[in-house]
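Participant: Generate coordinates for the sequence data below:
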Amino acid sequence: MNAVITAVKLLGGLAMFLYGMEIMGDGLKQGSGETLKKVLGKLTHNVFFGLLTGTLVTAIVQSSTATIVLTVGLIGAGILNLRQAVSIVLGANIGTTVTAQIIRLMDIDSSGGSILAFFKPDFLAPMALIIGIILIMFVKKESSKNVGLIALGFGILFMGLLGMTDAVEPLSESPAFANILSYFSDMPIIGIFTGLILTVIVQSSSAMVGILQALSSTGVMTFELVYPIIMGINLGTCVTTALVCSIGSSKDAKRTGIVHIVFNTIGTILFMIVMSIIRAMGGFPNLWESIVDSGVIANFQTLFNLLTAVALLPFTNVLVKIACAFVKDDKAEDEQYAELAALDDKLMIAPTVALGKVTEVAISMAVAAEENIARSLEQFNEYDEKRAEEIAIAEDRIDCFTDRADNYLIRLSENVEKETDKRQLNMLMQCIRDVERIGDYASDFEERAKKLYDNELSFSDSAKKELEILADAVQEILRLTLEALEKDNDYITCRIEPLEEVIDDMVLLLKNRHTERLCQGVCSIDSGLIFMDILTYFERTADQCSSIAMLILGKRNEEIMKNHHSYLQELHESGDKSYVAEHENRRNQYLVPLEKNEY
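Facilitator: The predicted structure follows:
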């Protein structure tokens, strides 16, 4: 019965420990998402810098598995290559030791009323919980909420740790427990397998080391027992990572999982050999049977991971070759649109990074749409079947991305908590649809060009000149929209709407003028209807650009996001100097030459 009670208390403490780690990690990720994105974005080919990056990111997200899964997502997104990923993997093992170093606070000696008593877990845990709940419930700032989550997670983590410590306290006087420990001490290989299996079950190396540190409070844990288990824990965490990396990932992503296994396996074998030689030669005679505390466990884990990472860092290329030998390239591998592979679910572990990647790919799709518009307009000058095929392929590419991005963003929305990220996600979900519609108009232009070509129809010279000027204006607004998306700049964005209004006036003028030509019999009815269609598609293309501009501005202005039409109406009627000046410039550039027939 006592054994059952002890087991339940231990598992309950472990549950709190794991939940606290999760909450603290979420708070750290939400609070440092932008920093995380910048650090990863600036990663160079220098493996040493990659090592430091892996260490830093893992210290932030509190999980080496999470870091490696994120790295795998960045490989699929094309941000990192395999060699860079290997250096991050080496650093991730070092970063995961931060948790153990925090836990060692429970070894602080606060006897005699020392100020150090304030740093003991039995004081820090409730204090962190109090601070966390105050920041979450009573302070409305988003940054305060993130700090509150970190504090709350920290408190729950330590409450779980204290619970585990209390649960194992009776084991210090248990003969059965002492017998089990002596069995493990005599068989280091059993310790390695035990650490490996338990870590695969728990799926957290930090939690397993935390359990070891809690058990060390019994005062019967020896160094010779503990160090093989720690190395087994490191092996266990890479098994979980490898499984995650193998599911629906690119070959380089799978190779990253292989690298993690190979690295930890080589590190464990080398360390076991070295430790065995030292012990056989009588080195550190007082070490092996000495009683360990949480500080010794934390230090050994840090030392083990640091030394193996430094030892294997010069052999990064060798690790890459080994991984490539396990996961070979197919001789004829099916091509996949890069933007689809870039939307990797593994990036969702860091929503800010995932949104950044979706934004990049959305911009590349907007570029593709702009290029397809230009390609389709060339069909009116000289129709080309090969070009028509290129337009169809590009349109299919944009449609595939839109469908994938919609689903991706819906799933990502469940992980987004920061207000700025929510605004970015909302903007992207609507903006991507606008980009798709612009791509659709390229297909519409191509269809009208083909109709002219198949029926041997043509426009009058004046109609051709008018379309050229209007096409220049539409391509200019597309260029401005792309620049606004890329630079996320309000000044550039505000230049879109004046041009869109001028394009509307140009379309109205040309529709009236073309109606007159039809009445005079200058143009045929069939070609005239196609001309009217083209004017409509130009106008709608400009409308989509205006919509994207409103979405960009709406990210930072809630009133614009709530009601685009009211904002536009107010803008047109307000007489804003910058708007009026830009409108006049665009009017003189495009509309006036049409009105005066200066072409």
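Participant: okay, now residue 322: neighbour count?
Facilitator: Counted by other C-beta atoms under 10 Å, the residues lying close to residue 322 total 16. In this view, the C-beta of every residue, glycine as well, is placed from N, C-alpha and C.
Participant: how much space between it and residue 57?
Facilitator: To residue 57, residue 322 is 24 Å away according to C-beta to C-beta, to the nearest Å.
Participant: Please apply the same query to residue 507.
Facilitator: Taken as C-beta to C-beta, the span from residue 507 to residue 57 is 51 Å.
Participant: Comparing the two, which residue is more hemmed in?
Facilitator: residue 57 (27 against 22).
Participant: buried stuff in stretch 529-544?
Facilitator: 530-532, 534-535, 537-544 (16 or more other C-beta atoms under 10 Å).
Participant: Among these, which lie within helices?
Facilitator: Among the buried residues of stretch 529-544, DSSP state H puts 530-532, 534-535, 537-544 in helices.
Participant: Tell me the residue in the chain that is farthest from the middle.
Facilitator: Distance from the centre of the chain peaks at residue 520, with 60.5 Å (C-alpha atoms, centre = their mean).
Participant: longest single helix anywhere in the chain?
Facilitator: Counting by DSSP H, the longest helix found in the chain is helix 419-454.
Participant: That one - what's its average pLDDT?
Facilitator: Helix 419-454 carries an average pLDDT of 92.
Participant: Quick check: buried residues in it?
Facilitator: Neighbour-count burial for helix 419-454, counted by 16+ other C-beta under 10 Å, picks out 421, 423-429, 431-449, 452-453.
Participant: can you redo the ones in helices among the buried residues of stretch 529-544 as JSON lines with distance to residue 139 and pLDDT?
Facilitator: Output for these, formatted as JSON lines (distance: C-beta to C-beta, whole Å; pLDDT from 0 to 100):
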{"residue": "530", "distance to residue 139": "62", "pLDDT": "91"}
{"residue": "531", "distance to residue 139": "62", "pLDDT": "90"}
{"residue": "532", "distance to residue 139": "59", "pLDDT": "92"}
{"residue": "534", "distance to residue 139": "57", "pLDDT": "94"}
{"residue": "535", "distance to residue 139": "55", "pLDDT": "94"}
{"residue": "537", "distance to residue 139": "51", "pLDDT": "95"}
{"residue": "538", "distance to residue 139": "51", "pLDDT": "95"}
{"residue": "539", "distance to residue 139": "49", "pLDDT": "95"}
{"residue": "540", "distance to residue 139": "47", "pLDDT": "95"}
{"residue": "541", "distance to residue 139": "46", "pLDDT": "96"}
{"residue": "542", "distance to residue 139": "45", "pLDDT": "95"}
{"residue": "543", "distance to residue 139": "43", "pLDDT": "94"}
{"residue": "544", "distance to residue 139": "41", "pLDDT": "95"}
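Participant: how about JSON lines for those, with distance to residue 458 added?
Facilitator: Listed next are those as JSON lines, based on distance: C-beta to C-beta, whole Å:
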{"residue": "530", "distance to residue 458": "10"}
{"residue": "531", "distance to residue 458": "11"}
{"residue": "532", "distance to residue 458": "15"}
{"residue": "534", "distance to residue 458": "13"}
{"residue": "535", "distance to residue 458": "17"}
{"residue": "537", "distance to residue 458": "19"}
{"residue": "538", "distance to residue 458": "19"}
{"residue": "539", "distance to residue 458": "23"}
{"residue": "540", "distance to residue 458": "24"}
{"residue": "541", "distance to residue 458": "23"}
{"residue": "542", "distance to residue 458": "25"}
{"residue": "543", "distance to residue 458": "28"}
{"residue": "544", "distance to residue 458": "29"}
